[in-house]
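# Curious how this folds, go ahead:
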Amino acid sequence: MSTADQPEKHFPDVDDPYVSISSADAVVHLEYTASTLPSLQEVAEGHGGGQWTRFVCISDTHTKTFDVPEGDVLLHSGDLTNTGTEKQMKTTMEWICGLPHEVKVVIAGNHDLSLHRDWYKDKQWKRWHDKKQVAGKKAKKAGVVYLENEKATFQVSPDRREWTVYGSPWSPEFYNWAFNYLRSEGEATVSQYQNADILLTHGPPHKIFDQTTQELEVGCENLAEHITRGRLRPRLHLFGHIHEAHGAHIHSWESPGPCEPLHVQNDINYPIELTESDDEDEVAHVEEVRAMTEKVRNQAEERNQNAELRRTVFVNGANESAGRTSWKGEKKVAHGGPGFRAVVVDLRD
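From the prediction side, this is the model:
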């Protein structure tokens, strides 16, 4: 099955067996089964050939394990655990180390307390934990690359291209969790991030898959600004943190320099069908969101086939289900289940 034969959708219908979005040099698989997910060879054949790399994107796994598609590279954007205990970290890292991906790039999140040494008030970090689980010999042998405000390069094989990746666990302050910065410190923090092919942050940029069930857009304004003006312009930006905002978008930039700010959310917080019981304000708000969604989708579909434009694939890869689509009847959707699957991103080398 070729992805070229599939209808393109911007936001996934979790009941569909296969949902993807695509551009001239990227294909993003949002909903799929083992039988409907195209192979990398099928993707290449359906998009002009050449060498492609498959990135499997996950985040906010919180000590849960689930089936993850095979690929060249696994990317995990933090919240490996619930509270960072050694037992939780061991469970997660044994799972990750056992996955078949040649390279596994991992960052921490605000729940991974034991990976943030300065979080410990007594400063006796090594008395409690160390980083052997994520950066020790066993992890390195399994292809794990743990990044904490660092840039790295990797190849999936000697004859393939070299990719650069930068990872940071920091996100705007949220109660007394790890790797938090005050919003007033956002510029000082983000200005240290380095440009790379792949950017991993735990938290999202402002107005990009950052909307909570309370309809607050809580992403980092400074991160969004650095991306919009082109100082940071990755081909793939993976984040998580806001579970209910799981989704993906391919954005084509009109220039390599400063561009119009991007505003894109998923639509999981809004009912598909309005009813007579909905008040006028709710109806107006839903219609406003739908209009914005349609505008973003139309612009993306029109520009994403232009091979001359540079693009960024934005992915909120949170796998813990939350929001309207986290329930099927009276049953909670499992980690990595429909609507919260690992997002598979295929990039042309």
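# mind listing the strands for the stretch 201-349 of the chain?
In the stretch 201-349 of the chain, the segments counted as strands under DSSP state E, counting those that start in this stretch are 236-239, 247-252, 311-316, 327-328, 331-332, 343-348.
# Quick one: residues contacting the closest residue to I107 other than its chain neighbours.
Once flanking residues are discounted, I107 sits nearest to G167: 4.1 Å by Cβ to Cβ, 6 or more residues apart in numbering. For the C-beta atoms, the positions are set from N, CA and C on the backbone; glycine is no exception. G167 is in contact with V105, V106, I107, L147, E148, N149, E150, A152, L199, L200, T201, counting by Cβ atoms under 8 Å, 6 or more residues apart in numbering.
# before we move on, back to that, of all the strands of the stretch 201-349 of the chain, which one is nearest M292?
strand 247-252 (12.4 Å; Cβ to Cβ).
# low-scoring stretches of the protein, by residue?
Applying pLDDT under 70 to the chain flags residues 1-16, 119-130, 267-279.
# Mind naming the longest helix for it?
helix 280-303 (DSSP state H).
# What residues sit buried inside it?
For helix 280-303, a neighbour-count test (16 or more other Cβ atoms under 10 Å) marks V286, V289, T293, V296, R297, A300, R303 as buried.
# Relative to F209, how far out is the last one?
For R303, the distance to F209 (Cβ to Cβ, to the nearest Å) stands at 19 Å.
# Could you do G48 as well?
29 Å.
# of those two, who's got more company?
Neighbours were counted for G48 and for F209 using other Cβ atoms under 10 Å; F209 has more, 26 against 11.
# mind listing what that one touches?
Taking Cβ under 8 Å, 6+ apart, one finds 219, 239, 242, 245-249, 264-266, 314-316 in contact with F209.
# May I see the residues you listed organised as CSV, with distance to R229 and neighbour count added?
Converted to CSV, the contacts of F209 look like this (distance: Cβ to Cβ, whole Å; neighbours: other Cβ atoms under 10 Å):
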residue, distance to R229, neighbour count
G219, 16, 25
F239, 19, 32
I242, 23, 25
A245, 23, 26
H246, 27, 29
G247, 24, 26
A248, 23, 27
H249, 19, 23
V264, 18, 23
Q265, 21, 24
N266, 25, 23
F314, 16, 24
V315, 21, 31
N316, 22, 31
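# which of the residues you listed lies closest to V134?
F239 (18.4 Å).
# Surely the closest one and V313 touch.
No. The pair F239 / V313 is not scored as a contact, 11.8 Å apart, by Cβ atoms under 8 Å.
# okay, now V106: neighbour count?
So V106, with other Cβ under 10 Å, has 27 neighbours.
# does it count as helix, strand or coil?
Under DSSP: H, G, I helix; E, B strand; the rest coil, V106 falls in the strand class.
# Just the helices from the chain, written as ranges.
Counting by DSSP H, the helices of the chain are 40-46, 86-97, 125-128, 132-135, 137-141, 186-190, 221-228, 280-303.
# Please tell me how far the fourth one is from the chain's geometric centre.
Which is helix 132-135. 22 Å (Cα atoms, centre = their mean, to the nearest Å).
# Likewise for the fifth one?
Its chain's C-alpha centre lies 24 Å from the corresponding centre of helix 137-141 when counted by Cα atoms, centre = their mean.
# Perfect, that will be all.
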